[in-house]
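J.: any chance you can model this:
(chains A, B and C)
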Amino acid sequence: MTHSKILEIEDLTVSFHTRVGDIQAVRGVDLELYKGETLAIVGESGSGKSVTAKAIMRLLSKKQSSIKQGSILFDGIDLSHASEGQMMNIRGKDIAMIFQDPMTSLNPTLTIERQIIETLRMHQKLTKHEAQKKAVELLEMVGIPQPEIRNKQYPHQFSGGMRQRVVIAIAIACNPKILIADEPTTALDVTIQAKILELLKDLQKKMDTSIIFITHDLGVVANMANRVAVMYAGKIVEIGTVDEIFYNPKHPYTWGLICSMPTLDLKDKELYTIPGSPPDLIHPPKGDAFAPRNPYALSIDTLEQPPMFRISDTHYAATWLLDPKAPKVSPPDEILRRQQIFERLEAGEVVQ
Amino acid sequence: MSEDKRKLLEVLHLKKYFNQGSRQEVRAVDDVSFDIYEGETFGLVGESGCGKSTTGRTIIQLYEATGGEVLFNGQNIFKIKKSAGRNKLRQEIQMIFQDPFASLDPHLTVKDIIAEGMDVHHLSGTSKERENRVYELLEEVGLNREHAGRYPHEFSGGQRQRIGIARALAVDPKLIIADEPISALDVSIQAQVVNLLKKIQRQQGLTYLFIAHDLSMVKYISDRIGVMHQGMIVELADSEELYRTPLHPYTESLLSAIPQPDPISERKRQRLEYQSKKGNGQMKKLREIAPRHFVYCAEHEVTEYQQKYKTIQNEKEESRDEIN
Amino acid sequence: MHDVRYELLNPATLGSKQVTYTERRETVLYRLFHDRRAVTAGSVLVLLTIICLLAFLSPYDPNQLSIMDKLHAPSWAHWFGTDDHGRDYFTRILYGGQVSLAVGLLSMLIAVSLGTIVGTVSGYLGGVIDGLFMRFLDVFMSLPSFFILMILNAYLKPSVQNMIIIIGLLSWMDVARIVRSQTMSIKEQEFMLYARSIGVRMWRTIFKHLIPGVMPSIVVAASLNVANAILTESALSFLGLGVQPPASSWGSMLNNAQGYLGTASYLAIFPGVLILIVILSFNVIGDALRDALEPTE
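T.: Okay, here's the model as predicted:
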């Protein structure tokens, strides 16, 4: 990845205020986004992946949450301290977001055209006629048939998949440099999901946009991402290229995620599971937050948080297992199988 | 495998139309037939609006069927008039719901939630016996007895789904209809719940009707699978067989759309588009193409499908030879 | 060099600590008593009620006329002054408070019980029964209830009991509507489907599952209802149809004060402010109770 950095997040820390205490939703995230790439953030609910995205867009409620530390550098501006006026100029124009639920992210009382034009004219000087023309082009681009007619219709006249296409059309209206997609296909059926993913990849190729793709679905990650960041309990526990994460994962949590999907012919075997449930982030555990659920936990995990160990220039993981002093452990069979593929990939044996 | 087994549930030409006769008539379930053998897991998959959940809810009589029959233990459940018979049925068929947050009454303690079925069917006994049974059930589903006095909102999604399972087990059911029981859960928790369901099935010889849209999990948990589309079952086969040799174009398109957690195969995956063909007046129904493998088609399509079946079989053989 | 910190932990201990999200369990009462708004409003109401009930301790007779002492401004002898007939206004406020609070609370109870039953049954059963109930309710709502009240009060023997019953019977409709719409949304929740699927009977379903779920809305409706009842009683008394002299209620006192707004404004201020305080307190408690009844964060 020789491209230039477009977004640089450092030590991002976000808390939510509740009656029983502060939930430390994001606990020191470092992340870089390069031009033209798709970075997937995977994690389970409560891992902080959506909060990270919303923090970039500054969409978190001021009353209930706060960015405690860290910076989000975009185009020379620290978004974490940008004024609401600055953000208004950035949102929709430079950074656009696609939400999970296409049902609620459109205004039901306005025509599609009005909603697209609204975004266009907020950021670009266009006459009404130019904007209308652009709206039709955009609908065409996202694969909505008969755009001139559909343009005048209301959201309820569209199916879920078509509605998500409209949402995407609005998101790309101003050629954003970054597109943040927060579980954009989770509410859709698999066949519709496949089409939306194809559309996003296609648009990215045409527009050279960087995409941050947030999802819990590893299949979607494998399909979409160039790089993958795995989040757990508000931290990035492993980050690497898509091949590194899927064929040479190093963090036991990544192992667990990959193994708990029924991919192989393991009909009569038990599924691999990660025991227990995620930690309480009001009082995060000392040391590695994953340790209580980690079959490979070391004593030190309960004492100290592991740093990011470097595996390659692109691949880092936060687990004490990578410390030279740690014992050698044998990962689950599925991971061993995947590592063999990785070795063949490295040796150039597998044709991609 | 299940040839010698007894049919526990027979669904025959089941129909459920909403707003029947009006202009907004929706044929949610349109002539669906399948059998479930004792001790097996039957998976019903399809996309939203295909009628899979309606099928489950009509079987458990949350909806009144528009037509058809459902035989449970050989007895037509729509015709049971005596309240004793109906009560027994409501005890023997239990349901596990999708939404771990909406399926438990937030105002009751876990103990009262689990024991409700026992109370209704007068199985609770003394309050001590009731309590002990709840403890036993909690431990069976991997929770502990301290949880009995708590309220649903104190639990995570996966734990709530365990409570839902304990509640279903409380009345010693024969058949459990699991309506998307894992689709609202996180990946690592899904595996826990699926393992639990399998463990319980092994121990108690339960029969499952497993309704889901997540095909990879359905394949793992089911013995046989029916693929639903627009209110009908378009293909029905043993789960391995269905995944290896999908015949109906809708099944093919569905299988080809699932992204796999495997970047190399993702780069190669070709998605197949499904165009539903208008049946030009042909009498279509489920017909057996290969042993125990049924496809919804017209009479003249049978040979086509048989040909396709052989072609796929041969391809698989060849690719297996290559690997070896 | 061997470092014990890098030893593998015993995997048998894994996952044993099941994490639950709230450590301390909070009952509705616990939450209510830790809500400053509720505690303040509740204390005000309790205090007011107790003081009103202790009216008999007053050295003055509330109905003793004394033309000599007419329209004295508030002083040490007469805390709230005296009214146009020279009666001690503080004592009358206390006795009047008993009537106003009783009317507010009791007619609210009647309205809420009736509204809850009609609303849950109608919403739960749906179909024809729901249609019938709702038309019946429409009829009740379309009647100008204030005129009905005036007419009934004129024909029936005017008494506090009758007033409570009549106000109650004429104000259940809003509760029924709110409860019905809530019932219909709760009815579709999966836990209700479960109850139906195992054959839980209607009344058990209503009392065990529906009413606790509808309770937050009932409570809000109830608190508004108290306010309405007190105001209706005031209005009726204002028109001379409520409490019959020489007995008093805050409403009737407000009514009598209208002739002296310029000369003795305290006659209007005391009952007026008290009505305001009571209504505000009930609304605040209603809000707090609704929040406390919601089992989630």
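J.: who's in contact with the spatially most central residue of chain B?
T.: Central residue of chain B (Cα atoms, centre = their mean): B:F210, 2.0 Å from the mean position. For B:F210, the contacting residues are B:T41, B:F42, B:G43, B:L44, B:A178, B:P181, B:V218, B:I221, B:S222, taking Cβ atoms under 8 Å, 6 or more residues apart in numbering or on different chains as the criterion. All C-beta spots, glycine's among them, are computed from the backbone N, C-alpha and C.
J.: surely it is in a helix?
T.: No. Assigned with DSSP: H, G, I helix; E, B strand; the rest coil, B:F210 falls outside any helix and is strand.
J.: who are the contact partners of residue 112?
T.: Answering for chain A, as no chain was given. Contact criterion Cβ under 8 Å, 6+ apart gives A:L106, A:A135, A:L139, A:R150, A:N151, A:K152, A:Q153, A:Y154, A:P155, A:F158, A:V166 as the residues in contact with A:I112.
J.: can you look at chain C instead?
T.: Counting by Cβ under 8 Å, 6+ apart, C:V112 makes contact with C:W172, C:V175, C:I218, C:A221, C:A222, C:N225.
J.: repeat that with 6 Å
T.: Residues in contact with C:V112, defined by Cβ atoms under 6 Å, 6 or more residues apart in numbering or on different chains, are C:V175, C:A222.
J.: next SSE downstream of whichever strand or helix holds it?
T.: Counting by DSSP states H and E, the secondary-structure element that holds C:V112 is helix C:89-125. Where DSSP H and E defines the elements, the next helix or strand beyond helix C:89-125 is helix C:127-142.
J.: pull out the buried residues from that next one.
T.: By neighbour count, and taking 16 or more other Cβ atoms under 10 Å in any protein chain shown as the criterion, the buried residues in helix C:127-142 are C:D130, C:F133, C:M134, C:L137, C:F140.
J.: give me the residues contacting it.
T.: Residues outside helix C:127-142 that contact it (Cβ under 6 Å, 6+ apart) are C:V118, C:S122, C:M173, C:A176.
J.: between it and helix C:89-125, what angle do the directions make?
T.: 150 degrees (axes from the mean of the first three to the mean of the last three Cα atoms, to 10 degrees).
J.: so where does the most centrally placed residue in chain A fall, helix or strand?
T.: In chain A, the centroid-proximal residue (Cα atoms, centre = their mean) is A:I214; its distance is 2.3 Å. Using DSSP H and E, A:I214 maps to strand A:210-215.
J.: one more: B:R167?
T.: With DSSP H and E as the test, B:R167 turns up in helix B:157-169.
J.: counting neighbours, what do you get for A:D22?
T.: 15 (other Cβ atoms under 10 Å in any protein chain shown).
J.: ok, and the closest non-adjacent residue to it?
T.: Using Cβ to Cβ, 6 or more residues apart in numbering or on different chains and skipping residues adjacent in sequence, the residue nearest A:D22 is A:S15, 4.4 Å away.
J.: wait, the one you found sits on A:Q24?
T.: Yes. The pair A:S15 and A:Q24 qualifies as a contact (Cβ atoms under 6 Å) at a distance of 5.5 Å.
J.: mind listing the shared neighbours of the two?
T.: Going by Cβ under 6 Å, 6+ apart, no residue sits against A:S15 while also sitting against A:Q24.
J.: pLDDT weak spots in the chain?
T.: Just so you know, I chose chain A. Residues of chain A meeting the criterion pLDDT under 70: A:1-2, A:263-268, A:350-352.
J.: let me rephrase: I mean chain C.
T.: Counting by pLDDT under 70, the ranges of chain C that qualify are C:1-2, C:10-26, C:153, C:238, C:240, C:295-297.
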